[in-house]
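# Next input, structure requested:
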Amino acid sequence: MWVGMVCAVTLPPGSSLTGVGKRVDTVRGTDREARTAVEETAPQVRVGALALELTRYCNQKCDYCYNEFRDAPAATPRGEDRWPARVKRLLSAFDIGHVTLTGGEPMAYRGVFDLLGMLRASGVPTQLISNGGLFDDALAARLATFSPRSIQVTLNADTPQLHDELVGGAGHFERTLRGIAALRRHAVTVVGCMVVNRKNAHRTAEVLARFRELGVQQVALSRFSPAGYSTRHAAKLLPGREHLLACFEAALPFAKGGMRLQCTMPVPPCAVEVERYAPIRFGGCAIGTSAQEFAVGPDGRMRNCTLHGHVISQAGDVADPAVDLHALVRSNDVTGYRRKIPPFCRGCLYEDSCAGGCGAAASWVHSGAHGEHPDPFVGQYVDEGFARALARVRSDPPAASRRRRLDVIL
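Now for the predicted structure:
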């Protein structure tokens, strides 16, 4: 089973979100108690997955980080923890396929083991996304007692210099390797991840070989897709077609040799003939299907996925009884998402399955509404203005590094 960032999945025919087409309502005042009573007896709605972004804090400062909240101030007063209440409501409202604990760095959240206990008691499969750098034998042994399905750990290069450059500081490469080794010693299933970008695509074979040496046989090739914080680094990191082709060509012998590889971000089929690279697995955006992984941020508000900044129906904290959780996952923000196809992509043979690629990245890069622009990976070839903007930023790296706003491309 693949971990985290469930942005690209292989969708079965006829996939859809359970119970679609309902209106979003909220309740106020004394109706909150009535809402709580109704939820406790109402049938659960099936959702494929939930990603819980437990904390803003991370011990790394990755250039490719898609957290929009990375530099935001804390949303709750020190000492107040709403995650147990959030998880309780979510477990009551939904029949959940699995939960992904992420962040920030989830192991930096002080209540992570309490939540793992709640999820285990409810029988919900749980997995984690971590940089691995905080794990020693004691922490790995404690995590093992909760039997998570897996933990995804990212290694972006086979050398400290490049990996540490991408994750924002010296020493992280060695700490990640030590963390993977500790997790493996305590029989926690580790899924590798490599964020494929302009700077490291040429090292794919070496990274996969290092994962194999570590005993990791399942790896996510996560194509860099600019969103949130990382939008300011789009010009520096956004891979071109040549970078992805080099990555997949290098990865193919590992896949044929038994390593389980999947590209976990959509790769528009108009740009790359993914069929050539079987048995590497490819998929498409899962929003609006039964495989969708909704995201709940540190502020408790629900979004369509971890890359999207838009809050579904502009609703509040999921711990609040005034928020109708069933109505959120049935809202038009979810059920109508795949009907908003970028003009460039309309009429394409892959229109229904691809839906324009990563809509979250397009919205972030162009500071526009979903459905106006194709995935930036495609846009760099078909949008002359965007291509010029990328070239301009790449021609002056020092100026690009001083940019502070998220919407820095157009």
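# contacting residues around the closest residue to Arg212 other than its chain neighbours?
Among residues not flanking Arg212 along the chain, Met259 sits closest, at 6.7 Å (C-beta to C-beta, 6 or more residues apart in numbering). Every residue, glycine included, has its C-beta placed from N, CA and C. By C-beta atoms under 8 Å, 6 or more residues apart in numbering, the contact set of Met259 is Leu208, Phe211, Arg212, Gln217, Gln218, Val219.
# any chance you could map the helices in the stretch 201-350 of the chain?
Assigned by DSSP state H, counting those that start in this stretch, the helices in the stretch 201-350 of the chain fall at 204-213, 234-237, 241-256, 325-329, 332-335.
# quick one: the closest residue to Tyr277 other than its chain neighbours from Cys58, how far?
Nearest in space to Tyr277, with sequence neighbours left out and distances taken as C-beta to C-beta, 6+ apart, is Phe248 at 4.5 Å. Distance, Phe248 to Cys58, by C-beta to C-beta, to the nearest Å: 29 Å.
# for Leu115, same thing?
18 Å.
# now Val365
Distance of Val365 to Cys58, computed by C-beta to C-beta: 23 Å.
# same thing with Leu390?
From Leu390 over to Cys58 (counting by C-beta to C-beta), the distance is 27 Å.
# Compare Val365 and Cys58 (neighbour count), which wins?
Using other C-beta atoms under 10 Å as the criterion, Val365 and Cys58 rank with Val365 on top: 28 against 20.
# Go ahead and report the secondary structure state at the more buried one.
Counting by DSSP: H, G, I helix; E, B strand; the rest coil, the backbone at Val365 sits in helix.
# in the stretch 301-410 of the chain, which ranges drop under the pLDDT threshold?
397-410 (pLDDT under 70).
# show me the contacts for Thr204.
Residues near Thr204 by C-beta under 8 Å, 6+ apart: Met194, Val196, Leu221, Ala246, Cys247, Ala250, Ala251.
# Can you give me the neighbour number for the fourth one?
To tie it back to what came earlier, the one meant is Ala246. Ala246, neighbours per other C-beta under 10 Å, totals 18.
# Grab the nearest non-local neighbour of it.
Nearest residue to Ala246 in three dimensions, chain neighbours excluded: Ala201, at 5.3 Å (C-beta to C-beta, 6+ apart).
# Go ahead and confirm that neighbour touches Ala251.
No - applying C-beta atoms under 8 Å as the test, Ala201 and Ala251 come out as separate, 10.2 Å apart.
# how far does stretch 274-289 sit from the chain's center?
For stretch 274-289, the gap between its own C-alpha mean and the chain's C-alpha mean amounts to 15 Å (C-alpha atoms, centre = their mean, to the nearest Å).
# Flag every buried residue along that stretch.
For stretch 274-289, a neighbour-count test (16 or more other C-beta atoms under 10 Å) marks Val274, Tyr277, Ile280, Arg281, Phe282, Gly283, Gly284, Cys285, Ala286, Ile287, Gly288, Thr289 as buried.
# what's the answer for stretch 320-335, then?
Of all the residues in stretch 320-335, those buried under the rule 16+ other C-beta under 10 Å are 320-331, 333-335.
# quick one, strands of the stretch 301-410 of the chain?
Assigned by DSSP state E, counting those that start in this stretch, the stretch 301-410 of the chain shows strands spanning 302-303.
# picking that back up, identify whichever of the helices of the stretch 201-350 of the chain lies nearest to Pro268.
Closest approach to Pro268 among those is made by helix 241-256 (9.9 Å; C-beta to C-beta).
# Can you name every helix or strand that that closest one contacts?
With contacts defined as 3 or more C-beta pairs under 8 Å, 6 or more residues apart in numbering; DSSP states H and E, the packing partners of helix 241-256 are strand 190-196, helix 204-213, strand 218-223, strand 260-263.
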